[in-house]
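Asker: Fold the following and give me the result.
(chains A and B)
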Amino acid sequence: LAKTTQPISMDSYEGQEVNITCSHNNIATNDYITWYQQFPSQGPRFIIQGYKTKVTNEVASLFIPADRKSSTLSLPRVSLSDTAVYYCLVGDRTGTASKLTFGTGTRLQVTL
Amino acid sequence: DAGVTQSPTHLIKTRGQQVTLRCSPKSGHDTVSWYQQALGQGPQFIFQYYEEEERQRGNFPDRFSGHQFPNYSSELNVNALLLGDSALYLCASSFELGNTEAFFGQGTRLTVV
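Answerer: Numbering: from 1, shown residues only, chains lettered A, B, ... in the order given. Modelled structure (predicted):
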């Protein structure tokens, strides 16, 4: 089971780019890296997922180096509404089943 | 298109009682997972259902049980409630097993007194 380590908290000003790095030294060959966002009293929301190199969607970018032992979630020009907890997960697949293993996440606080 | 819906949204129960939480997956999804989230912690995996069978289970006692119906909806049952069972219970759905892109509901806030 690949464990992830990410900063407990980060602060940013509105309009800045935020990069949250996650380390996952024991990632397995078939594992994908997935990021979720969670607002208070809501369920987590899928942001982005990748296997290697770079993935970009309308919300964020995900950078994964060749050794895949870490990944960086990049949020361009954050706003106050991006204040949330961000979870980095490594896909845990047992046979054809899958479960999401959440850590404590990174609490991002965006201010004016 | 409705996303994942859970009911009820809030619930207060007394120690020793039993509770049933319900979940309807996102349209087109056939896999349902349940998570428990204590205050300040990340969600913890309880179990996952696919084709009406429990496919994978987390480190939770047998007091936690579930069911998936032919329409893919699911129930989570917790017997002999303890104070420590107070948490946000989240249901997540996805299409097929092995898919780590899941859609979560808003959760059911369970308080045990």
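Asker: Residues of chain B that sit close to chain A?
Answerer: B:4, B:33, B:35, B:40-45, B:48, B:50, B:55-56, B:58, B:88, B:90-92, B:94, B:97-107, B:109 (Cβ under 8 Å from any Cβ of the partner chain). The C-beta positions use only the backbone N, C-alpha and C, and glycine is treated the same way.
Asker: so where's the chain shaky on pLDDT?
Answerer: Here I'm looking at chain A. Within chain A, the stretches with pLDDT under 70 are A:1-2, A:92-97.
Asker: Please refer instead to chain B.
Answerer: For chain B (pLDDT under 70), the answer is B:1.
Asker: hang on, A:Ser81 in a helix?
Answerer: Yes: assigned with DSSP: H, G, I helix; E, B strand; the rest coil, A:Ser81 falls within a helix.
Asker: can you count the residues close to residue 39?
Answerer: No chain was given, so I picked chain A. A:Phe39 has 13 neighbours, counted by other Cβ atoms under 10 Å in any protein chain shown.
Asker: that answer is for a different chain, and I need it for chain B
Answerer: Around B:Leu39 there are 7 residues (other Cβ under 10 Å).
Asker: quick one: contacts for it?
Answerer: Residues in contact with B:Leu39 (Cβ atoms under 8 Å, 6 or more residues apart in numbering or on different chains) are B:Ala87.
Asker: helix/strand/coil for it?
Answerer: coil.
Asker: For whatever helix or strand A:Lys54 lives in, list the C-alpha coordinates in CSV.
Answerer: Using DSSP states H and E, A:Lys54 falls within strand A:53-56. This file holds the C-alpha atoms of strand A:53-56, laid out as CSV (Å, rounded to 0.1, in the frame of the first residue of the first chain):
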residue,chain,number,x,y,z
THR,A,53,4.4,13.4,-17.0
LYS,A,54,1.8,16.1,-17.0
VAL,A,55,-2.0,16.2,-17.0
THR,A,56,-4.0,19.4,-17.4
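Asker: Just the residues contacting it, thanks.
Answerer: Taking Cβ under 8 Å, 6+ apart as the rule, strand A:53-56 contacts A:Ile48, A:Gln49, A:Ser61, A:Leu62, A:Phe63, A:Ile64.
Asker: Which residues of chain A lie near chain B?
Answerer: Checking chain A against chain B by Cβ under 8 Å from any Cβ, the hits are A:32, A:34, A:41-46, A:49, A:87, A:89, A:91, A:93-94, A:96-105.
Asker: Can you say which of those residues are buried?
Answerer: A:32, A:34, A:43-44, A:46, A:49, A:87, A:89, A:91, A:93, A:97-103, A:105 (16 or more other Cβ atoms under 10 Å in any protein chain shown).
Asker: Could you tell me how many residues sit around the closest residue to B:Thr14 other than its chain neighbours?
Answerer: Spatial nearest neighbour of B:Thr14, excluding adjacent residues (Cβ to Cβ, 6 or more residues apart in numbering or on different chains): B:Val113 at 6.0 Å. Burial measure for B:Val113: 10 neighbouring residues, criterion other Cβ under 10 Å.
Asker: in what helix or strand does the residue lying closest to A:Gln6 once chain neighbours are set aside lie?
Answerer: Distances taken as Cβ to Cβ, 6+ apart place A:Cys22 nearest to A:Gln6, at 4.4 Å, with adjacent residues excluded. Assessed by DSSP H and E, A:Cys22 sits inside strand A:18-23.
Asker: quick one, the helix or strand following that strand and strand A:18-23 angle?
Answerer: Moving toward the C-terminus from strand A:18-23, the next helix or strand (DSSP H and E) is strand A:33-38. Here the directions of strand A:33-38 and strand A:18-23 differ by 130 degrees (axes from the mean of the first three to the mean of the last three Cα atoms, to 10 degrees).
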